[in-house]
Structure formats: structure tokens, C-alpha cells
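**Student:** predicted model follows, preceded by the sequence.
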Amino acid sequence: MFRKLPFVLFFCLTMTCVLTFAGLTAVHASPQTYYVSSSIGNDTNDGLSPGTAWKSLNKISSMTFSAGDMILLKRGDTWAGEGLSLNGNGSSTNWITLSAYGTGDKPKITPYVSQTAIPAPDPANVAANGIIYAIKLQDAAGWKITGLEIGFAKSGIVYLNTVSGSRDGLWIEDCYIHDITKWPMTPYPSADNRAAELQIMPYSVGIYTYRQAGERLQNVTVKNTTIERTDGPLEIRHADNISIDSLNAADSYREGVQLTGINYDYPGTTIGSMTNSVILRSGLNGMAWGTAGLQFNAVHNFTVDNVEVGFTQAPNGVDGVGIDFEGLNKNVTVKNSLIHDNADEAVMIYRNPIWSGGVENSNTSLFDNVFRNNGIGSDGNPHAAFITQQYNLTNGGTISGNTIIKTNRNQSLNMIFEQSPQYTDGWPAGGYTISDNIEKLSNGNIMHTASTGFSGTQGKNGWFYQQYDGTAFNALTWNDSFRLWEGSATNLYVGEDWMHPANGYKTERNWKADVSGNIRITGNPKKVDSTFGNGVTASIWKNGIQLWSQTVTTLSGTQHDFQTSVNAGDVIAFVLESNGDSSYDKTFWNPVIEEIKQNVYTASADFSLRQGMYNWRYVQNDGSSETNMSWNGSSGVWSGSVNNLLIGVDWQHPAIGIQTQRKWLAPSSGTIRLTGLVRKYDSADGNGVVVSIWKNGVKLWGDQAITNLSGVSHDITTAVTAGDAVYFKVDANGDPSFDKTFWDPTIELTPSFNFDELMTPFWTGTTITNESVLMLSSYGQQPEAPLLFHPSDAGSITVRDARLTTTYVQGVDWIYDSASNKIKLPAGSAAPYMNKADLYPSSAPAGCFTVIKTGGGSVLGCEGHYFHDRQLVVSYHHEPNSWSGPVPAYQGMNLPVTTAKLMGGQPIKVTLYGDSISVGLNASGIVGASPGLPNWGTLAMVKLQSNFASNLTFRNPSVGGQTSAWGAQNVHTLVSQETPDLVIIAFGMNDGSANTASSAFKSNIQAIINDVRASNANAEFILVATTLANPETGYAGNQADYKAVLQQLIAPGTVLMDMTGIHQTLLNGKRFQDMTGNNVNHPNDFLVRAYAQALSTLLVP
């Protein structure tokens, strides 16, 4: 896979052919300006004015110019059928200039009129090649060439040094060079048998410098120049102090930009840079020794900054890398650049065995780059995403701050020639300093691979390493000689991608989440080199709760692949324990944690063996019921209850009377775009299928007959609420023969809120998101509102409207007063607020109402989004452990039936039964406002669906205004007859307003439990202690008393969800109006989220 160059790069000082020129005419000793026009000039003129311009390039070629001279070609003119030789020397401080005058297009030097007209290459007969140079500088330095177009030639601008002496300066700027091809190429790998004149270049190059003998060229600048359709756009050899800026090189046939022998062992301070440039589509026709977008050969002290290198090709299957450190490079850095869509790896680090003399690259570094979608070659071979390396065991460079975006989840990160296996997610050896690199997928998901994040520092990249002896955890110690973590017991180790326990000790590789969200955990623990011994037990834990466990005894091992959610600070532990005897217990285990951030969902890219992964589910429907399909591991498909009822990676197959349905659950409210093509998969036989797209129970598209291989496309946009189900249904058209149907839909979600942020319990971590406040002005004073916690960093505070559509400006729209811990609105603020008197009107504004105020007067009440529109939301960082109220905890062990169903992926029926708070009032989505938050039960179910594979049926027969007595009277009809597995009972608000006695409330709740269990003896319950009503109104009764009687009902299979205690603690630091949706008894989005956060915490480990 690695290239060999067909010539000795910079060691060769002489060649057999040294060209000389005779008969050149010297120009005036003092600087002059000469004008040349192919349209109006004459070579018999003196050339000293536009009116006496020379005509031909041959005239210029016959002259020798001096420092300070200018040769100007007329804009709009074209010189065809001739090339240009430039003679004379200026310097980098006193140039000879070749440029343009007049108006119009750039002057054109085009030896031929098209690529087709360029003579075919002839390696033996120089004359048969016709004009071989568009512009040639032989032993002529100190030239500045600007503002020209050069095209349709065998070479563009070529500098040759054939004699000794100082050579200072070449400046090329604002030129357009194109269609440079048909130079007789090196017939590598055989010896070069071209004529001597043709050996100076390996192929046609747009800009080329080469030293045959004598001094190296100094001070080269290429700036603001476009080079297209060449064999190679730019190749600078044997030069020092190089500056390349704003180069745009595209569509080269053989190679990309090549830099060779730059600043090589230069004794002084050197300049070497390439900035703000683009190199695209290099190597379109391939090259025998391989292709690269940007190649370094024996380059010293050079920096690439803000350069894009993409779409490098390798049609002959060799290389196709973005960046190539080919050998003998020293202190070369690529930073702030985009390397993307190259056929092979993004970066090659190599030591060319032909000419390197066995010397390694040294300090080749990569800083803060984006490497995206590399390794996409279609030659049938694997290609890694980032680095391919051979040799270079002492490089010592730095690889830091880079983002590597893989083409797919299974693509290896690197290809390391000396390692086994060569394709690995580990890092190459070579003494590199490696830190803070991010591995991602194209959909935005972040990958945390154990080997990629492995380091000698505890906590680096989120990973840390410890042992457990049954009583205490202790950190492992780093052994730098063997590059592994070791424990206090013999043979207790954690390596890059392996672990080894000891008798009586568990060894752990732990990962700590720094943000909240859903994660996928995959891996394949297996014995490393022997099946001797009695194996190990591998297990995965989250915050001390076991998620997975298997015994590992074979070289093939076992696999884990599941999804769970984490909050910031949660710890995922990968634990290895000996099975009684730790002999032969070295175990490969390189787990991958994938943070799920995507908003684009494609069926094939997200296809998984687990129900619910990436929000996709695979179900069948016989017209009366929907059931999960089963994974068929041997075929890699989802199978239904009858033959040929299947869903594959990008296809579906129905059966008679049974649809296959690819189902997607919206993780957030917002809008979705549904695009795709539906067609017969491999045969047009049969009578076709009928396909349709549904949202919940509403058809969005179809019924569409699919009868051929060309098919029908769809492109639909619709709104969704979190928890909505979208179905892609395929139904047999009477006969299922030949009904395999290609359908690979993509769903693009534009969310109205970030589900992971909003579902992070506000009582955890060090960040609170969208804490709601109502800015109130008392007696004309500055509007203000208190915060729940004290911000630890005032700069972290953001303030938005409750619809999440407007962000307000600190210092203009709001200020933070640390002394009072309040947000305040200065004069002229655009943020909404209310006067305190508005809360106590004598008559209500339109659409609102008043209720009696305790002690006299009235209190404003408004359903809908009246208060929502006037509230703000504040996000900020705060100190840990700031919450002093009740902390909900996981209750899976106290709900064993529910837990077994969820953990086992079994179907489960969940019912929420309560009053208007359970209906969802006044959540923004229920009252028709942005960001469209649904009721708290639905929010929690979305969380469950993302954590468990179970086919979850959620019902919410709650009715506003009702009490526990009503609940007891109607439970059989509304709840029990459906035989739910888990019932969430959430009455109390209206009971309290009616001052229902605690004993009566308890009896009603017990009656609900008894009736449900009469229909399903294994049913389990979550009893919700309600939030409180506005204490200034008569609606505030004895709601707080019900928590105590609900606690009396706690028993096996029944647990408490304490919203009363949470709300009471919130009211110690905030006002009721900050968290209300109607100012009477309904929560707003913030408190709705608190309900959902609490319920999720109880059910999700």
C-alpha cells in the first residue's frame, strides 16, 4: 500500500543534461517596463509603451532582463502556439515582474488550444512532444509572475536550476493555471528511459521547481492562485523559505501538491507555511506509486494551517491518502485543517525505504483538525478513518485536539503496520503526545473507545482504572515501561484493549460521563490467547447497578450491545472477575461507548440487533395488534411470526395479512422530514406491494403500489411531539411472492428542544438547564426573579424566553445580581415581565379568570400559555450538591416484575392514571406553544423506550378536575380491564383542594390498587405525591398531607414518587409563579420536566 518515488528526491545534485542558451539580447541597465500585446503589438517595436508593444512571447524569450524590470502582457490577449522562456535574475527584494496591463480577462498563455490538441507524449523524442513549457525559468530567479492565465500545455510554470550561484526568489500570485498534461511520465518501476530533457518532471505539473545542480532556490511564494486539471498542481523541490497561501488546486490526474526537500537542514531561521488553501480531487487517474492530496518528502520546519484536502482518489488501488508524511520530515505540523472524503486514510506516516536511509520522520504533528469521512475507497480492502503508519517508532510528534469522523461505526480508527491486528482503534507507537482527540460518526454521535482513550493518566479522556477487593476500591498504578495499569495483586492489569483480574480482586476500566444523554455500549470480551483455565466473568455496571454480565471462556467470547441513558457524572464500569482461578485470564475487551447525539436517522445506518436502538423498532401488525419481531442472528434480519415476514438493513418483506413495519419514535418535539425511495428489491415479478407512512394513527403518505425496480420516492415534512410514532408499512398486495422491497428511509429531525438536556434531573450535576422564572416588578421597581442555585460562573448564564426562540443579551436585556442571587431586567430590556399587581386583578384579562385570594381579593388564573409566554428560562453552572431536597433514586429492585420485563425486552403495559396534571396541563405541547413539551408521562416513556428494548404500550386515561374517589370509582373500566403491568397513580391535587381527609384519600388509592391487582395479580405501582397549589388561593388545601399516607402504602411492588417534597424545597428558594402554568395548580414546563425526571429516575438504572 505504501509508495516508492521513482527518482532520488533531493540527494541528486547533478544530471547528464545541462541546458544553455545563446544569442540572448540584454536589455537596458536601468529598470524598464515593457508592454506586449498579441493583438496590436509588433516585435520590431521598442516595447516601452502600450502603443509600441511587442507582439510575441518569442520576443520576450530572446531578451535577458534585470532586477526591477517589468514585462506586462495585455489583458484580453491570448498567446497560442508558443511558450515563454524567462531570462535574467532579480531577487526577493528587487523583483523582475511578469504581469498584466489594461482591462479585461487575464492575459492567456496557451501553447495549444485544448487538451486534445496537446501532442501525445513521446519519452524518446523531445521534438515530437511539441512545445513542452508554457513558462520556463532556467537559472533565472527573482521573478514575480502575477495576473496570468496559463493553460493547454505540457507544463505550466517551471523553474530549473542547472548552474551554481545564488538563486533568490520566485513569486506567483493571482494566476489561473489549467489543463496541464501529457508530459511523458516516468515509466516506474523500470529505470527511467526518457530523453534527458524529459526527465526533469515525473509528469505534467502546474507549478514546478527543481534543482539539477548548484544552489537551492530561496524565498518562494505562491499566492491566490487556482490550478485545475493538471497531472500535478504544484510541486516545489529543493527550496527554502516557502509561503503558499490561498492556493486552490483541483482535479489533478496523478498527484496532489508535492513538497520535497523544503528547508532541509537549512542552517538559518526558515519560513515554511501553507495557509488558507484547498486541494480537491487529486489522483483522478491514479499513479503507480500511489496518490496523495498533500505530500511531504524531506520537509523541515513547515506549518499547514487552515487547508482543506479532500476527495483524493486511488483508481489503481494504491494509497489515495489526504496527507502523506512520506519520509525524512522534521517539525512539520498540520493544524486547523479539514481532511475529508479521501479514498484511503486521512494521514499516512511512513519512512520510504528507497531514499530515506532508514531515518524516521521526526515531530510530525496534527493539531485541531477535522478528519471526516476518510477511507472511502471501493477497492474491496479495508481503510481506516485516520492514520496509516509504518516504521516511525520514534516520531515524537503531537496528535491533539483533532476530530475524527468515521464513515461508519465499524470502521477502524488507524492502520498500524507493525501491530496485530493492523486495523485498530488504538494509537500508533512512536512516542507521540496524544490528547483530547474526539472520535465521531457522521450523524454527530461521539465514540469513546477504550483503546483510543487509553492513557497513562487517570481520568484522561473520561477513562480511569481501579481494582476492587470486595471491600474497597483502589486506583491502579501506571507502569510506563510496559504501558499498562497494574494493581496491588500479581497479574492484575488493564492494558490498551485487554484486562487481567487476580484471585479475590476485580479489575475495572471505568468511564465517566461528562454530559447527560443516551449511550450505546458495544464490545466483545474474549479470551486473548488460550482457552485454558476456567474463564472470567465480565460485567457492566452503571453507578453500582449491574446492566449486563456474562461468563467468558472462549477465544470468540461473547458480545454486548445495548443502550442506556446517563447523567453527567454517571460512571460506567467494565468489570472483570476471575472465575475462581485467575490462570490464563488475559481477556481482550475493547468496549465502545457511543454518545447518541444524532438528529438524522437513516434506516440502514442505524440498523441494529436491538429493539429501540437509535429510536428504531421492528414490528409486525396483523390488523388487530402490533408485536415486536425477533432478531435472527444467523441471517442478520428481524423475523416475524410466519415465514418470509422480515425486515433487513434496507428492505422489508410482508406476509399475507401481516404487515412489516419499521417504526421510529420521536425523541423530541419539532419537525421531521421523511425522504426515501421505495422499489422492488431484486425482481419485478409478482404483483407488488402496497406501502404507506403513518404518524401515530394518521396516514401521511400512501397507499402506494410498488410494482417495479424504479419505484416511487417520498419527501414529507410534518410536526411531531416527543413520543410520536412514525411507521413505514409494507403490505402484501394479495400474494407475497417476490415482495422483497427496498426502502431505506431517512428522517431528519429539527428538534424544538434538547431532550437529553431537559431530562437531566435538575438536582444532579453542576448545570441546570432552563430553570423557569417570572420577572416581577413591585411598585415600579426593576423586574426581578430569584434563581434556585447560585451560579458558580456568571459568564455561564443564558436567559431565553420559555418558547426557546429568543436569547436575551446580558447587560442589555438582563443582569445578574450576585448579592441577591436574582436575574434583573434593566430599563429598555426586550424580555417580558409582569407587574406584581397584575397577579391580583379585580377583573381578569381576556381568556383568563380570577380565583378568591386567601384573606381577601382575587388571584389571576390563566389556562393556555398566558404565563408560559411571560416566563423566562435560565441556564447556568453551579456548585455540586447544591440541592437540599428529596433526591429520587432508582427503584428497580422494588419493582421486580417491571424491571424483569424491561431488562428482558419483554412487552410491557404502563398506565398513568390521575388528574389534569397527568393529562399534561399546562405543558407547552398540550397548550399549543413552543417548544412543544408533552405531558410528563409521555416524556418519561420516551426515556424508557430509549433505554429498553421492550415493546412498551402507554395509556393515559387521566381526566382533569378529578379526585381519588373518582379514580376508585372508574378504575376498573379505565385501567384494570387493560391488565397493565405498571400503574402510575397520580391523584391528590383536587383532593387537597376539597380538603379530602387523608384516611379517605388512602382508602381510595388502596381501592385503585386492589382493583387493578384483581385483574393482574403481578401489577406494580408508583404512587405520586402531588405538587402543591398556589398558597394564596383556596385551592391550597391539605395536598402536602397525602405524602405520609402514600408512604404507608409502600410495599413490595409499590413505590413512592415524592413530588410534594421536591416542590416544597423548590418553593423555599423560588416563587410559585416561577413554576406554574396557570398560577393556580398546574405546573409549567420546568415542573412538568421535574415530574418526568423523577419518574425516569425511578425506572431507569
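**Tutor:** Happy to help now that I have it. These numbers were taken from a predicted model, which means no experiment stands behind them. Residues are numbered from 1 along each chain as shown.
**Student:** tell me which helix or strand the residue nearest the centre of the chain sits in.
**Tutor:** In the chain, the centroid-proximal residue (CA atoms, centre = their mean) is residue 444; its distance is 2.8 Å. In this structure, residue 444 sits in neither a helix nor a strand according to DSSP states H and E.
**Student:** identify the residues contacting the closest residue to residue 1018 other than its chain neighbours.
**Tutor:** In this structure, residue 1018 finds its nearest non-sequential neighbour in residue 897, 4.9 Å apart by CB to CB, 6 or more residues apart in numbering. Where C-beta positions appear, they are placed from N, C-alpha and C, glycine not excepted. Residues near residue 897 by CB atoms under 8 Å, 6 or more residues apart in numbering: 981, 1018-1020, 1053.
**Student:** tell me which residues in the helix or strand where residue 897 lies are buried?
**Tutor:** Residue 897 belongs to helix 896-903 when elements are defined using DSSP H and E. For helix 896-903, burial by neighbour count (16 or more other CB atoms under 10 Å) applies to 897-899, 901-903.
**Student:** and the gap between the closest residue to residue 334 other than its chain neighbours and residue 332?
**Tutor:** Excluding the flanking residues, the one nearest residue 334 by CB to CB, 6+ apart is residue 304, at 4.4 Å. With the distance defined as CB to CB, to the nearest Å, residue 304 ends up 8 Å from residue 332.
**Student:** tell me the average confidence for the strand or helix carrying residue 728?
**Tutor:** Assigned by DSSP H and E, residue 728 belongs to strand 725-732. For strand 725-732, mean pLDDT is 98.
**Student:** partners of that strand, with directions?
**Tutor:** strand 659-665 (antiparallel), strand 689-695 (antiparallel) (DSSP bridges).
**Student:** which residues touch the first one?
**Tutor:** The reference is to strand 659-665. 601, 603, 612, 615-622, 626, 629, 640, 645-647, 652-654, 723-731, 743, 745, 747, 942, 945.
**Student:** could you identify the helix or strand that succeeds the helix holding residue 897?
**Tutor:** Heading C-terminal from helix 896-903 (DSSP H and E), you reach strand 908-914.
**Student:** which residues are contacting that next one?
**Tutor:** Counting by CB under 8 Å, 6+ apart, 898, 901-902, 918, 935, 937, 941, 944, 950-958, 967, 971, 974-975, 978-987, 1008, 1024 sit against strand 908-914.
**Student:** quick one: it to helix 896-903, angle?
**Tutor:** 120 degrees (axes from the mean of the first three to the mean of the last three CA atoms, to 10 degrees).
**Student:** tell me the first helix or strand C-terminal of strand 908-914.
**Tutor:** Once the chain leaves strand 908-914, the next helix or strand it forms, by DSSP H and E, is helix 916-919.
**Student:** which secondary structure elements does that next one contact?
**Tutor:** In terms of contacts (3 or more CB pairs under 8 Å, 6 or more residues apart in numbering; DSSP states H and E), helix 916-919 is packed against helix 936-947, strand 982-986.
**Student:** mind listing the strands the last one pairs with, and their directions?
**Tutor:** Strand pairing for strand 982-986, determined by DSSP bridges: strand 908-914 (parallel), strand 1020-1025 (parallel).
**Student:** distance from that strand to the middle of the chain?
**Tutor:** With CA atoms, centre = their mean, to the nearest Å as the basis, strand 982-986 stands 39 Å off its chain's centre.
**Student:** what do you get for stretch 917-933?
**Tutor:** Distance of stretch 917-933 from the chain centroid (CA atoms, centre = their mean) equals 31 Å.
**Student:** pull the most distant pair out of the buried residues of helix 896-903.
**Tutor:** Largest separation among the buried residues of helix 896-903 by CB to CB: 897 and 903, giving 11.0 Å.
**Student:** distance of residue 561 from residue 978?
**Tutor:** From residue 561 to residue 978 the distance is 32 Å (CB to CB).
**Student:** for residue 672, see how far away the residue lying closest to residue 673 once chain neighbours are set aside is.
**Tutor:** Residue nearest to residue 673 in three dimensions, not counting chain neighbours: residue 748, with 4.4 Å by CB to CB, 6+ apart. Distance, residue 748 to residue 672, by CB to CB: 7 Å.
**Student:** repeat that for residue 118.
**Tutor:** From residue 118 to residue 672 the distance is 53 Å (CB to CB).
**Student:** list the residues that contact the closest residue to residue 976 other than its chain neighbours.
**Tutor:** Closest residue to residue 976 apart from its sequence neighbours, by CB to CB, 6+ apart: residue 1015 at 4.2 Å. Shown in contact with residue 1015 (CB under 8 Å, 6+ apart): 972, 976-977, 979.
**Student:** hang on, the earlier thing: out of the buried residues of helix 896-903, the closest to residue 850 would be?
**Tutor:** Within these, the smallest distance to residue 850 is 43.6 Å, found for residue 898 (CB to CB).
**Student:** could you chop this protein up by domain?
**Tutor:** Annotated domains of the chain cover 25-418, 451-596, 600-751, 755-877, 892-1099 [automatic domain parsing].
**Student:** determine which of the ones you listed approaches residue 886 most closely.
**Tutor:** The closest of the domains of the chain to residue 886 is domain 892-1099. By CB to CB, the value is 3.9 Å.
**Student:** what's the end-to-end length of that closest one?
**Tutor:** Distance across domain 892-1099, first residue to last, is 6 Å (CA to CA, to the nearest Å).
**Student:** and that domain, average pLDDT?
**Tutor:** pLDDT averaged over domain 892-1099 gives 97.
**Student:** ok now that domain, how far from the chain's centre?
**Tutor:** 37 Å.
**Student:** and stretch 682-690, what's buried?
**Tutor:** Neighbour-count burial for stretch 682-690, counted by 16+ other CB under 10 Å, picks out 686, 688-690.
**Student:** can you give me the helices for this protein?
**Tutor:** 57-61, 450-453, 603-606, 755-758, 866-870, 896-903, 916-919, 936-947, 964-974, 989-993, 998-1015, 1042-1048, 1059-1069, 1085-1099 (DSSP state H).
**Student:** how about those, which one is nearest residue 515?
**Tutor:** Residue 515 sits nearest to helix 755-758 of all these, at 7.4 Å, using CB to CB.
**Student:** contacts for the closest one next, please.
**Tutor:** For helix 755-758, contacts defined as CB under 8 Å, 6+ apart pick out 515-518, 565, 667-668, 722, 769-770, 933, 942, 1089.
**Student:** pLDDT of that helix, averaged?
**Tutor:** Helix 755-758 comes out at a mean pLDDT of 94.
**Student:** still on that earlier bit, residues contacting the residue nearest to the centre of the chain?
**Tutor:** 597-600.
**Student:** flag the shaky bits of the stretch 151-300 of the chain, pLDDT-wise.
**Tutor:** 187-191 (pLDDT under 70).
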